[in-house]
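Quick one: sequence plus predicted model below, questions after.
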Amino acid sequence: MAKFTPTHAVILVLVFTVVSMVPGIEGGRCTEVLDPKKCVLNDCKKMCFQKHKSIGGQCTQSGGTPINPTFDCVCTYDCPL
């Protein structure tokens, strides 16, 4: 009978890691820019929840200058199946 070696343990960990990274039945995560002109965090979170039932609304820097940056309202939500 074969012995369980540290190499077997590493292989098992790698297999479980790969399997956990593969999206299952869920559709994964999607993102959508809801407002490319300006972002007010509370408004962004509200728009994201109203449109996609998600609390993933956030302001992300999209350009501008270091002194006057611009921010987009980006919504992260569960992709539909």
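Arrived safely.

Averaged pLDDT, stretch 67-81. What do you get?
Averaging pLDDT along stretch 67-81 gives 91.

hang on, I meant stretch 44-51
Here the average pLDDT along stretch 44-51 is 95.

Let me see the residues that make contact with that stretch.
Residues outside stretch 44-51 that contact it (CB atoms under 8 Å, 6 or more residues apart in numbering): 32, 34-35, 54-59, 73-77. The way it works is simple: take the backbone N, C-alpha and C, and place the C-beta from them, glycine included.

try 6 Å this time
34, 54, 56-57, 59, 73, 75 (CB atoms under 6 Å, 6 or more residues apart in numbering).

Residues in contact with the strand ranked longest in the chain: which ones?
With secondary structure taken from DSSP state E, the chain has its longest strand at strand 69-78. Contacts to strand 69-78, defined as CB under 6 Å, 6+ apart, come from residues 29-36, 39, 44, 48, 52, 54, 56-64.

ok, which stretches of the protein are helices?
Assigned by DSSP state H, the chain shows helices spanning 6-21, 41-52.

quick check: angle from the shortest one to strand 69-78?
Inter-element angle recorded for helix 41-52 and strand 69-78: 30 degrees (by axes from the mean of the first three to the mean of the last three CA atoms, to 10 degrees).

Give the partner strands of the longest strand of the chain in its sheet and their orientations.
Using DSSP bridges, strand 69-78 pairs in its sheet with strand 29-35 (antiparallel), strand 57-64 (antiparallel).

about what we covered before: where is pLDDT lowest across the contacts of stretch 44-51?
Within the set of the contacts of stretch 44-51, pLDDT is lowest for residue 56 (89).

partners of the nearest residue to residue 58 once chain neighbours are set aside in the sheet?
Take residue 58 and drop its neighbours on the chain: the residue closest to it by CB to CB, 6 or more residues apart in numbering is residue 74, 5.8 Å away. When bridges are called by DSSP bridges, residue 74 pairs up with residue 33, residue 58.
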